[in-house]
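Visitor: With the input below, show me the fold.
(one chain, ligands or ions: 1)
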Amino acid sequence: MYKTLLTSLENNVLTITINRPDKLNALNAEVFHDLKNILEKIEKNPEIKSVIITGAGPKAFVAGADISEFSDYSKEQAIAMAKRGQDIFLKIERCNKPIIAAVNGFALGGGCELSMACHFRIASENAKFGQPEVNLGLIPGYGGTQRLVQLIGKGRALELLISGNMIDANTALQYGLVNYVVKQEELLTKARAILETINSKAPLAVAACITTTNAVYDETTNGFDLEIKEFGNCFATEDMKEGTAAFLEKRKANFKGK
Ligand code: COA
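Guide: All right, here's what the predicted structure looks like:
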């Protein structure tokens, strides 16, 4: 169904594997085309409660945008390419279902940016993160200059951006870029275990957490006002009635996403 993605749906968790291992899963036009399509399906399919994005093979999550595709681009083509990437990564960030990155190796350039557009990241011990675009006479174009600052602070972000240096998984953990570092063979198990917990919560409340935390970085929205609105909206859901009733009745809540 997808030329560049492998997918599997198990226990309401969709695993998307970017599948170009011979090119270290570099993001070309086909990958973006496939990602755009699958994001639309994720939003519509009630069987999917949450998503893992990972890379094929033991070496790379994604080693960046496909350099062979854009080396002769004009300024206008480059602007269109950055816009396409930003639009799709924004859809990931704004998806109302949790999307986490399971970073199984190199996450460089567009790969680091893809992982940062996800709601949070888990890394295997061999993971390496970096924005090496300056080595190519470039800067990140898929939101990297913005999200890296949001996630690790300006000083650390600027050092990575202007040196082109990579950091290892443990440094990424120390910087707060990833939430956990695990052995490579345990990466997907860990990601699925976390999502199993999240999937047992009220889906509309989970979605509202994503929307309100995104508002922190959205200058057009007052996050505190949005929080009040979303808090109120929860009281109009069946799941809020179920959650509070289950607590008072000392039983497990059975959420329906309504
Ligand atoms: N775009 C296109 N192809 C890429 C790629 C990218 N971003 N990253 C890796 N590849 C390809 C290589 O060209 C090579 O293809 P080939 O076998 O047809 O020659 C293949 O993937 C394997 O990569 P290779 O460089 O041989 O692996 P390595 O282990 O020696 O080095 C990296 C790994 C990640 C350090 C190195 O591939 C690299 O620096 N990649 C580019 C990273 C980058 O600058 N990303 C930002 C792009 S804007």
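Visitor: Might you enumerate the residues of the stretch 1-150 of the chain proximal to the ligand?
Guide: 23-24, 26, 63-68, 106, 108-110, 132-133, 136 (CB under 6 Å from any ligand atom). Backbone N, C-alpha and C define where each C-beta goes, glycine included.
Visitor: Which stretches in this structure count as strands?
Guide: With strands called from DSSP state E, the chain shows them at 5-10, 13-18, 50-55, 60-62, 99-103, 106-108, 120-124, 128-130, 166-168, 180-182.
Visitor: Can I get those strands in CSV including mean neighbour count and mean pLDDT?
Guide: Putting those into CSV (neighbours: other CB atoms under 10 Å; pLDDT from 0 to 100) gives the following:
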stretch, mean neighbour count, mean pLDDT
strand 5-10, 13, 98
strand 13-18, 22, 98
strand 50-55, 25, 98
strand 60-62, 30, 98
strand 99-103, 27, 98
strand 106-108, 27, 98
strand 120-124, 24, 98
strand 128-130, 24, 98
strand 166-168, 18, 98
strand 180-182, 19, 98
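Visitor: Let me have those strands in JSON lines, extended by distance to Glu219.
Guide: Supplementary listing: the strands of the chain in JSON lines, determined by distance: least, CB to CB, whole Å:
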{"stretch": "strand 5-10", "distance to Glu219": "33"}
{"stretch": "strand 13-18", "distance to Glu219": "30"}
{"stretch": "strand 50-55", "distance to Glu219": "27"}
{"stretch": "strand 60-62", "distance to Glu219": "29"}
{"stretch": "strand 99-103", "distance to Glu219": "23"}
{"stretch": "strand 106-108", "distance to Glu219": "27"}
{"stretch": "strand 120-124", "distance to Glu219": "23"}
{"stretch": "strand 128-130", "distance to Glu219": "27"}
{"stretch": "strand 166-168", "distance to Glu219": "29"}
{"stretch": "strand 180-182", "distance to Glu219": "31"}
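Visitor: for the protein, which helix is longest?
Guide: In the chain, ranked by residue count with DSSP state H as the criterion, the top helix is helix 75-94.
Visitor: Now do it: which elements does it pack against?
Guide: Using 3 or more CB pairs under 8 Å, 6 or more residues apart in numbering; DSSP states H and E as the contact criterion, the neighbours of helix 75-94 among helices and strands are helix 29-44, helix 67-70, helix 110-117, helix 203-215.
Visitor: looking at these, which is buried most?
Guide: Across these, the average number of neighbours (mean count of other CB atoms under 10 Å) peaks for helix 110-117, which reaches a mean of 28.
Visitor: what's Asn96 sitting at in phi/psi?
Guide: phi -80, psi 0 (degrees, to the nearest 10).
Visitor: Counting neighbours, what do you get for it?
Guide: 13 (other CB atoms under 10 Å).
Visitor: which ones are touching it?
Guide: 43, 207, 210-211 (CB atoms under 8 Å, 6 or more residues apart in numbering).
Visitor: In CSV: those residues, plus pLDDT.
Guide: Listed next are the contacts of Asn96 as CSV, based on pLDDT from 0 to 100:
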residue, pLDDT
Glu43, 94
Ala207, 98
Ile210, 98
Thr211, 98
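Visitor: circling back: how big is the angle separating the longest helix of the chain from strand 99-103?
Guide: Inter-element angle recorded for helix 75-94 and strand 99-103: 110 degrees (by axes from the mean of the first three to the mean of the last three CA atoms, to 10 degrees).
Visitor: Now do the closest residue in space to Ala63 that isn't next to it in sequence: how many residues are near it, please.
Guide: In this structure, Ala63 finds its nearest non-sequential neighbour in Leu24, 3.5 Å apart by CB to CB, 6 or more residues apart in numbering. Residues within reach of Leu24, counting by other CB under 10 Å, total 21.
Visitor: Surely Leu24 is in contact with Ala65?
Guide: No. When contacts are counted by CB atoms under 8 Å, Leu24 is not listed as touching Ala65 (11.6 Å).
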